[in-house]
Structure formats: C-alpha cells, structure tokens
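1. Could you work out the structure for the sequence below:
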Amino acid sequence: MERLSIALTNYILRKEVISKEDYEAYLYGFQSFLELFLNLVCSLCIAAFLHMEVECLLFFLLFIPLRSFNGGLHLKSYLSCLIFSCATMTVILLLVKYYSLKVPVSFTLYLVLMILIKLTGAANHPNRPVDTEENKAFTHKTDRTLFISFLVALSFVLLNLESYLFLEALIYLLVFLTLVLSKFTVQNKL
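-> Numbering: from 1, shown residues only. Alright, predicted model coming up:
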C-alpha cells in the first residue's frame with residue numbers, strides 16, 4: 001500500500017495537481033484510502049462467500065463508530081491488521097451463522113459488555129495523543145454510539161431477532177477484548 005501511495009502521490013505531484021507542501025498529506029490520504037478500501041473489499045468478499053451480507057453490514061455499522069471513537073488494539077503493520085480484522089470478522093460471522101444464544105442471554109451479555117466497555121474507557125493510539133478536549137468529544141460520541149446501539153439491541157429483543165442480537169453481543173465482546181489488549185500492551189511497553 002505504501003508503494004502504491006507513493007506512486008500515486010508522485011504522479012499527481014509531477015502533473016502539478018498538488019504542491020510539494022501538500023505531498024505528505026496526500027501520501028497519507030492515499031495510503032489510508034487504499035488500506036480502508038482493501039479491508040472493505042476483503043470483508044465484503046468474506047460476507048458474500050458466507051452469504052451474510054446483512055450481518056456484515058450490521059457488523060460495520062456497530063463496530064466502526066465504536067472503534068473510531070473509543071480506540072483499541074493497534075498492530076505493527078497494515079498486513080497484520082488486515083489479517084486480524086478479516087479473521088475476527090470471519091469468526092464472528094461463522095459463530096452467528098452456526099450458533100446462537102437465546103435473546104435474554106445475548107441481551108444480558110450485550111449489556112454486561114457495554115458496561116465493561118464504558119468502564120474500561122478509551123484507548124489512545126500510541127502515535128496520536130489525545131488532549132482533554134478531544135477526549136471529551138470522543139467520550140460524548142462513544143456515549144451516543146452506545147445509546148444508539150442500545151436502541152438497536154432493544155429492537156432486536158422486541159422483534160426476537162436472536163442472531164442479530166447475538167451478533168451485537170459478539171461485536172461488543174470484540175471491542176472490549178481489543179480495548180483490554182490495547183491497554184495491556186501499552187502498560188507493558190512502559
């Protein structure tokens with residue numbers, strides 16, 4: 001991804017679409033876009049192979065906002081992150097496809113994990129410290145995300161959508177585990 005990003009950025013620099021001052025910003029933008037795009041394509045291929053497109057969409061809608069605002073585990077390379085992301089999503093989708101928990105059990109698990117996520121707190125990225133104001137904004141967005149997901153979970157309970165509620169509980173388990181792992185790895189580096 002890095003090589004392709006450099007090639008794209010060099011190309012638009014040679015074509016004088018951007019200035020040298022903007023080079024790093026475009027390089028970062030291209031790399032971020034390409035990495036996100038590849039992750040999305042891989043995830044959609046997995047979902048299509050498993051015939052679980054709706055569950056994959058739900059996974060993204062619940063996981064991405066919470067992960068974006070609350071942070072979590074960061075791996076050393078993009079490739080390891082891609083493999084870990086695809087593997088965890090595949091495991092979660094397979095669990096939902098072949099197993100299920102009754103609605104009360106999934107909802108209780110979901111509630112416990114939601115509380116644990118809130119109590120664990122956000123995990124900062126090691127390369128980007130967050131100041132007090134940003135932390136307040138992220139906490140507010142996390143709370144809003146948790147509230148919306150709670151309404152989604154309640155609708156799954158009321159509609160007796162057992163597999164979707166189980167999926168939501170597993171997503172929260174993933175978020176909680178990556179938060180704990182993130183905090184554990186940061187503490188061990190100190």
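2. Can you report how many residues neighbour residue 74?
-> Residue 74 has 17 neighbours, counted by other C-beta atoms under 10 Å. Backbone N, C-alpha and C define where each C-beta goes, glycine included.
3. and it, helix, strand or coil?
-> Three-state assignment for residue 74 (DSSP: H, G, I helix; E, B strand; the rest coil): coil.
4. Phi first, then psi, for it.
-> Phi and psi for residue 74, reported as degrees, to the nearest 10, are phi -120, psi 130.
5. How much space separates it from residue 25?
-> Counting by C-beta to C-beta, to the nearest Å, the gap from residue 74 to residue 25 is 21 Å.
6. which stretches of this structure aren't confidently modelled?
-> Low-confidence segments of the chain (pLDDT under 70): 123-131, 186-190.
7. quick one, helices of it?
-> 2-14, 23-50, 53-70, 78-98, 103-120, 132-158, 162-189 (DSSP state H).
8. I'd like those as TSV, with mean neighbour count appended.
-> Shown next, in TSV, are the helices of the chain (neighbours: other C-beta atoms under 10 Å):
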stretch	mean neighbour count
helix 2-14	13
helix 23-50	14
helix 53-70	18
helix 78-98	15
helix 103-120	16
helix 132-158	14
helix 162-189	19
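9. so what's residue 60 up against?
-> Residues counted as contacts of residue 60 (C-beta atoms under 8 Å, 6 or more residues apart in numbering) are residue 43.
10. and the closest residue in space to residue 34 that isn't next to it in sequence, how many neighbours?
-> Once flanking residues are discounted, residue 34 sits nearest to residue 1: 4.9 Å by C-beta to C-beta, 6 or more residues apart in numbering. When neighbours are counted by other C-beta under 10 Å, residue 1 registers 16.
11. I figured residue 1 hits residue 33, correct?
-> No: if you go by C-beta atoms under 8 Å, residue 1 and residue 33 don't touch, sitting 9.5 Å apart.
12. From residue 12, how far out is residue 60?
-> Noted for residue 60: a distance of 30 Å to residue 12, by C-beta to C-beta.
13. just residue 28 next, same as before
-> Using C-beta to C-beta, residue 28 is found at 14 Å from residue 12.
14. And for residue 6?
-> According to C-beta to C-beta, residue 6 stands 11 Å off from residue 12.
15. One more: residue 156?
-> In terms of C-beta to C-beta, residue 156 sits 46 Å off from residue 12.
16. got it, and residue 146?
-> Distance from residue 146 to residue 12, counting by C-beta to C-beta: 40 Å.
17. Ok, residue 29 next?
-> 11 Å.
18. Next: residue 85.
-> Taking C-beta to C-beta, one finds residue 85 at 29 Å from residue 12.
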